[in-house]
Structures are given as C-alpha cells and as structure tokens.
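Q: sequence first, then the predicted structure, then my questions.
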Amino acid sequence: MIRIPLLTLSGALLIASASPAAAQNREISSEAVPAPNYGDIASHVLEAPLVIDATIRSTVEIRGAEAVNLAPGYARFYAEADVSALIRGSSAIPPRVGFVTDVPTDSRGRPPRLKRLRVILFARPVPGRPTMVQLTRTDSFRAWSPALDAMVRQIARDVVDPAAPPAITGVGNAFHVPGTLPGEGETQIFLMTETGAPVSLQILRRPGQQPRWAVSLGDIVDDSAGPPAPDTLLWYRLACGLPAELPASSLSSETAANAQTARMDYRFVLNQLGPCSQ
C-alpha cells in the first residue's frame, strides 16, 4: 500500500500525461510508442534538470478533491518508480522516486496499466522532498523505447559537451555583397547567442546554381563548414532559435536591393532547416 504524500496538486505541481500511445492501449508497450521527434525531445532534455530512466513499481489513483483541475478523459495517479539510471542531473537521486501524473483513459474510461512500465521522466527536484520529483510539463512522462532512450542519451551528452553550440537569442548585423556576375553574391548573417559566443550564417549564390549555405561557430567564417546535420543539437539551436523573419534592424546599413537579397537568403536557410517541431 502506497502512502501518498500530502501535496498541493495545483499551481506548484505540474501534472504530466503519458505519451499518445497510452490512450490506445490499456497496457503500454515500447512497441506501441511513436518514433521520438528530435526537436520535441531536445526541448525536454534542455528544460529538465533531471532526466530519469525508471520502471514504475506501484501506483495509486488520486480522486476527489485531490484531483483538482483533472481534464476530462484523464485519470490522476501517484506513482513510485525504481530508478535504473539518472541520464541527466547534477546530483544523485534516491533509488526510488515518487511523482504525480495524469494519464488518458480509453473509450470506456479505463486508464492504462502503468505498473512495471519502463519510462523516461523529465523532471525537477521537489524542495524538501528528496524522494519526490516534479514532472516539468504535461507530456514529460514517456513510455521507454530503444529509439527514445538512444536519442535522450545522445542529446544529454551533446548538451554538456564543452563545444556544444549555444542557444540563439537573436539576429545581429546582416549584409549582402553582390558579385561581379548577375546572380552572384554572398550574404553573411551574424547571430546573437546566450553565451556571447560567435555564430554566423553564410549564403553563397552562383549563377545558375542553387544557393549554398554554411554555419560557422567561432570568430573565423568558414564557408566550407556546410549546414548542420538534421537532428543534431546545432540543427535544433538554429531551427528552434531563429526568428521567422530577418529583423529590419539587422539591415539598417544595407541598400534596398541588398537587403531584399539578404531576406531571401535568410528565408532559404529557414526552409533548408525545416520546422522546429518542438
């Protein structure tokens, strides 16, 4: 019998839901879990101080007054899980943690079976309660799968790499230099970052060819660096950090024609990156 800690289940405590697969099966299995989306998972890893690989040991459904603000079609549980690994975290956690989660019910109003389910939890510590964690979002409770596990661990490693690309906070100066031939030229766009580290974009145009672009990390502009590989931390920083349009302030010193070309090149980069999907 689980003894449920006295919790305030409103503002201070975020309630998390299971992955969409939970709505379809009373018993969740890793085979039913959709393939993870890199942008979505990267945003979770970056936001959560704790990323935990665990197996649910026991659950108690929370009803009545303690299930305040429970959405229709969901059930609320207090769960305890045995920790297999702390994938991300700055300090040790106990071998068993408790948390509160909302899970979708099926068409008959029955919740899925959670006991013995292996999960990935994106969470934060609960002050004064070392054996409890607080899920960071409404979808921070994910059924484990090999693909999800591999993606989460790779992102967690990339985030702590000293050479990790910084978060993009805005766009600085941008300019376009026309070439000697019609349709030839180069655009350079300098980005602002959370750490102040330099990041820039270069777009090269040649007559009769599709534009080529590259991203440079550091003070030296490297046209041969090329674009970031999809589903990498650098791709995520750009796809999810760049604004939808090149700000007018970035082109204040440009002629109208050069500014228009720079805007076209910026849109080309965004199209090449694709949607953030976080």
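A: Structure's in. What do you need?
Q: mind checking how far the host helix or strand of R76 is from the chain centre?
A: Element membership for R76, per DSSP states H and E: strand 74-88. In terms of CA atoms, centre = their mean, to the nearest Å, the centre of strand 74-88 is found 20 Å from the chain centre.
Q: contacting residues around whichever helix in the chain runs longest?
A: Across the chain, the helix with the greatest residue count (assigned by DSSP state H) is helix 256-273. Contacting residues not belonging to helix 256-273 are listed as 174-178, 185, 187, 189, 201, 203, 205, 211, 213, 227, 235, 238-239, 242, 244-246, 251, 254 [CB atoms under 8 Å, 6 or more residues apart in numbering]. Heads up, the C-betas are built off the backbone N, CA and C, glycines and all.
Q: buried ones among the residues you listed?
A: Among these, those classed as buried by 16 or more other CB atoms under 10 Å are 174-176, 185, 187, 189, 201, 203, 205, 211, 213, 227, 235, 238-239, 242, 246, 251, 254.
Q: now go through the residues you listed and say which are in helices.
A: The members of those that map onto helices under DSSP H are W235, L238, A239.
Q: out of those residues, which is nearest to Y38?
A: W235 (7.8 Å; CB to CB).
Q: excluding sequence neighbours, find me the nearest residue to the closest one.
A: P228 (4.3 Å; CB to CB, 6 or more residues apart in numbering).
Q: count of neighbours near that neighbour?
A: P228 has 20 neighbours, counted by other CB atoms under 10 Å.
Q: in contact with it, which residues?
A: V215, L234, W235, L238.
Q: if I've got this straight, G39 is in a strand?
A: No: G39 is assigned helix when assessed by DSSP: H, G, I helix; E, B strand; the rest coil, not a strand.
Q: how many other residues sit next to it?
A: For G39, using other CB under 10 Å, the count is 18.
Q: list the contacts of it.
A: For G39, the contact set (CB under 8 Å, 6+ apart) comprises Y236, A239, C240, P275, C276, S277, Q278.
Q: D231 versus the second one, what's the distance?
A: Spelled out, that is A239. Taking CB to CB, to the nearest Å as the criterion, A239 is separated from D231 by 10 Å.
Q: how about A244, nearest residue that isn't a chain neighbour?
A: L270 (7.4 Å).
Q: and for that neighbour, the neighbour number?
A: Per other CB under 10 Å, the neighbour tally for L270 reads 16.
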